[in-house]
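Novice: Kindly return the folded structure for what I paste below:
(one chain, ligands or ions: 1)
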Amino acid sequence: MAAAARLTIDLDALAQNYAVLRTEAAGAEVAPVLKSDGYGLGAGHLGQRLWAEGARSFFVARLAEGEALRAALGGERPATIYILDGMSDGEGPRLDQARLTPVLWNLSQIAAATAYAAQKPSPWPVALHIDTGMNRQGLTTDEARAVAQATDRLRGLEVGLVMSHLGSAATPENPRNRRQLADFLDIRSRFPRARASLAASAGIFLAGDYRFDMVRPGVSLFGGGPRERPDERLRAVATLTAPILDTRNLNAGEPVGYGESVRVAAPTRVAVVAAGYADGVIRAAKAGGAVWFAGAARPILTVNMDLLVVDLGEAPAGIGEAVEILGPNARLDDLAAAGGTVAHEILVRLSSRAERVYRGEA
Ligand SMILES: *Cc1c(COP(=O)(O)O)cnc(C)c1O
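Specialist: Predicted structure coming up:
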């Protein structure tokens, strides 16, 4: 085995997660979110396979991501691609050229869209994002009500989708969810001809009334649990493995790696593994993170740029044997929790240095 980390992306696992989400969403369209190059896993490959599984609408963040996904899907897969960034002045021709649908989220974007649409012979399809309490992105509910009343403010536009985003869906008991739902119900009733979408991954697993016409999962497609912990219904899509380069025995009290903050308490056999933060293994994972090797979790002692060191315990280990850093056993949500972050960030940091292999038909 080459002395390098390998990232395997399992498209069959992706298809299975998509099927789980379709069942869970019970009748709502499941529109994959493939922003940031499909959470770092390759939006083109993922989009092609998800199209084959029945996906017909996708979301990305940036205009350039939409253009890249359109190119990857090609003429034979005419999906609707929504741009969460919306549009700014002058972007109309590029959006049109790639047949992208902007998700407009403030009044100046609506102005830019109506100005562009004025030159068009037929209504231009757009979506609207309403802020129901995240205080991040979207028209305020007051703005949305005003726009719905004064329809000339949407002249030339065909609002096909009204959406909002939940800020606390990973904690179902949080009353903020119900407040956002109530506001969204009010707003969507003011756009009776548009479809409605509120839930991302976590929202799909809330009560059924959060699902509306369309749901927008990202991280759960890739195996991230809706409650920020591993969920047995979802399979790992990304598996990061790397070979053991060497093993050594440390005496009690010896430090490991840079600085002296990490010391082994007892005599410890460690393995040096050919992966580091340049391959996307976040440094913070040394605090409570573990790799999977020889049938058990093995604590990570330190993460450097190119190498990490793990506590082997009693496991016999040979040079060249593979360690699983992320995958079906070293679970995404566990690594995220150990690193004090979310599964989304773990995925987008999987860097391009690790050799990439796709498994399953695109
Ligand atoms: C990123 C994003 C999603 C997907 O979120 P996940 O938690 O990955 O499912 C859905 N909707 C919006 C508006 C987003 O920004």
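
Novice: can we go C-alpha only for contacts and neighbour counts from here?
Specialist: OK.

Novice: Asn174 - how many residues pack around it?
Specialist: 12 (other CA atoms under 10 Å).

Novice: ok, now which ones touch it?
Specialist: Ser168 (CA atoms under 8 Å, 6 or more residues apart in numbering).

Novice: quick one: it from Leu166, how far?
Specialist: Distance, Asn174 to Leu166, by CA to CA, to the nearest Å: 11 Å.

Novice: repeat for Leu157
Specialist: Distance of Leu157 to Leu166, given as CA to CA: 26 Å.

Novice: now swap in Gly339 and tell me
Specialist: 24 Å.

Novice: Leu139 now?
Specialist: Applying CA to CA to Leu139 and Leu166 gives a distance of 14 Å.

Novice: next one: Pro316
Specialist: On the measure of CA to CA, Pro316 and Leu166 end up 47 Å apart.

Novice: next one: Val291
Specialist: 32 Å.

Novice: Comparing the two, which residue is more hemmed in?
Specialist: For Val291 versus Leu166, the count of surrounding residues by other CA under 10 Å is larger for Val291: 25 against 21.

Novice: my hunch is that that one is in a strand, does that hold up?
Specialist: Yes - assigned with DSSP: H, G, I helix; E, B strand; the rest coil, Val291 falls within a strand.

Novice: just use 2 as the starting number from now, easier for me
Specialist: Sounds good: first residue 2 from here, last item Val292.

Novice: Excluding sequence neighbours, find me the nearest residue to it.
Specialist: Among residues not flanking Val292 along the chain, Ile326 sits closest, at 4.6 Å (CA to CA, 6 or more residues apart in numbering).

Novice: quick one, phi psi at that neighbour?
Specialist: phi -90, psi -30 (degrees, to the nearest 10).

Novice: Kindly tell me how buried it is, as a neighbour count.
Specialist: Residues near Ile326, counting by other CA under 10 Å: 28.

Novice: now Thr24, what's its secondary structure?
Specialist: The three-state label given to Thr24 by three-state DSSP is helix.

Novice: Now do the contacts for the residue in the chain sticking out farthest from the centre.
Specialist: Distance from the C-alpha centroid of the chain, by CA atoms, centre = their mean, peaks at Asn252 (42.0 Å). With contact set as CA under 8 Å, 6+ apart, Asn252 has these partners: Val265, Ala267, Pro268, Thr269.

Novice: same thing with Leu85?
Specialist: If you count contacts by CA under 8 Å, 6+ apart, Leu85 has them with Phe60, Val61, Ala62, Arg63, Pro103, Val104, Leu105.

Novice: you'd agree the fifth one is in a strand?
Specialist: By that I understand Pro103. Yes - counting by three-state DSSP, Pro103 is part of a strand.

Novice: Next, give phi and psi for Arg137.
Specialist: Per degrees, to the nearest 10, the backbone of Arg137 is at phi -130, psi -60.

Novice: Check the one 4 residues further on too.
Specialist: Here is the backbone geometry of Thr141 (degrees, to the nearest 10): phi -70, psi 160.

Novice: Output the set of residues of this structure in proximity to the ligand.
Specialist: Val34, His166, Ala201, Ser202, Arg217, Pro218, Gly219, Val220 (CA under 6 Å from any ligand atom).

Novice: The last one against Ala344, yeah?
Specialist: So that's Val220. Yes - using CA atoms under 8 Å, Val220 is in contact with Ala344, at 7.2 Å.

Novice: Mind jotting down where the helices sit in the stretch 52-201 of the chain?
Specialist: Assigned by DSSP state H, counting those that start in this stretch, the stretch 52-201 of the chain shows helices spanning 64-74, 93-98, 108-118, 142-150, 176-190.

Novice: could those helices be laid out in TSV, adding distance to Val127 and mean neighbour count?
Specialist: Listed next are the helices of the stretch 52-201 of the chain as TSV, based on distance: least, CA to CA, whole Å; neighbours: other CA atoms under 10 Å:
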stretch	distance to Val127	mean neighbour count
helix 64-74	14	20
helix 93-98	11	14
helix 108-118	8	19
helix 142-150	14	16
helix 176-190	15	17
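
Novice: quick one: Leu158 and Val127 touch, right?
Specialist: Yes - contact criterion CA under 8 Å: Leu158 and Val127 qualify, at 6.6 Å.

Novice: On the C-terminal side of the strand ranked longest in the chain, identify the next helix or strand.
Specialist: Counting residues, the longest strand found in the chain (DSSP state E) is strand 239-251. Per DSSP states H and E, the first helix or strand lying C-terminal to strand 239-251 is strand 269-274.

Novice: Mind listing the strands that following strand pairs with, and their directions?
Specialist: Applying DSSP bridges, strand 269-274 is found paired with strand 239-251 (antiparallel), strand 309-312 (antiparallel).

Novice: So which of those strands is the most surrounded?
Specialist: Comparing the strands paired with strand 269-274 by mean neighbour count (mean count of other CA atoms under 10 Å), strand 309-312 comes out on top with a mean of 25.
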